[in-house]
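# Make a model of this:
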Amino acid sequence: MAGEAETNLGKFKNEGHTAFVLGYTGESGKALIKDFNQLQLFKRVVLIGRREITLDPSFGPEFEQKVVDFENLEAHRDVFKGLDIGFSCMGTTRGKAGAQGFVRVDHDYVLNAASIAKEEGCHHFNIISTMSADKNSSLLYTRTKGQVEEALKVMHFDRLSIYRPA
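Predicted structure coming up:
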């Protein structure tokens, strides 16, 4: 089994994939890009966020940070051009941003980015959601996550991966 996984990983690397990561400044995003750096999976990784952070010096030149205004993401469409795999670790809390701010970040920003990315060539979109996501929930958090999952499904990416951690 390990041999097969290594073979598949090697094949994936040789295909020269490119990626973008939304929400790379949070805990999940930091862990994801750290793994990408260690595994050297992609020939280019664009880190898309509201601010730049200081990356560990071990990060190679394939990592680029792009600061965007998520309120006017259409103006930053070129950032997504030619990136074939997207990862969204984006999110905030109701406590930090209030109810409207939470929906704006976790719903609107994610779906706007996914839509633009698809139009610019992204064929595989990955998102961290929640185990209890349910578009019909009476709870704002789980309802919003469920609505995002449903909206992503109807975008018809070639591949959509939804991760639901506990």
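# Just the residues contacting the helix or strand of the chain with the lowest mean pLDDT, thanks.
Using mean pLDDT, DSSP states H and E, the weakest-scoring helix or strand in the chain turns out to be helix 94-103, at a mean of 82. For helix 94-103, the external contacting residues (C-beta atoms under 8 Å, 6 or more residues apart in numbering) are 92-93, 104-105, 140-141, 144. To be clear about C-beta, it is placed using only N, CA and C from the backbone, and glycine gets the same treatment.
# I'd like the distance from the nearest residue to Leu140 once chain neighbours are set aside to Thr93, if you could.
The shortest distance from Leu140 to any non-neighbouring residue, by C-beta to C-beta, 6 or more residues apart in numbering, is to Ala99 (6.0 Å). Distance, Ala99 to Thr93, by C-beta to C-beta, to the nearest Å: 11 Å.
# what's the neighbour count on the closest residue to Glu120 other than its chain neighbours?
With C-beta to C-beta, 6+ apart as the criterion, Glu120 has its nearest non-adjacent residue at 4.2 Å, and that residue is Phe80. The number of residues packed near Phe80 is 24, by other C-beta atoms under 10 Å.
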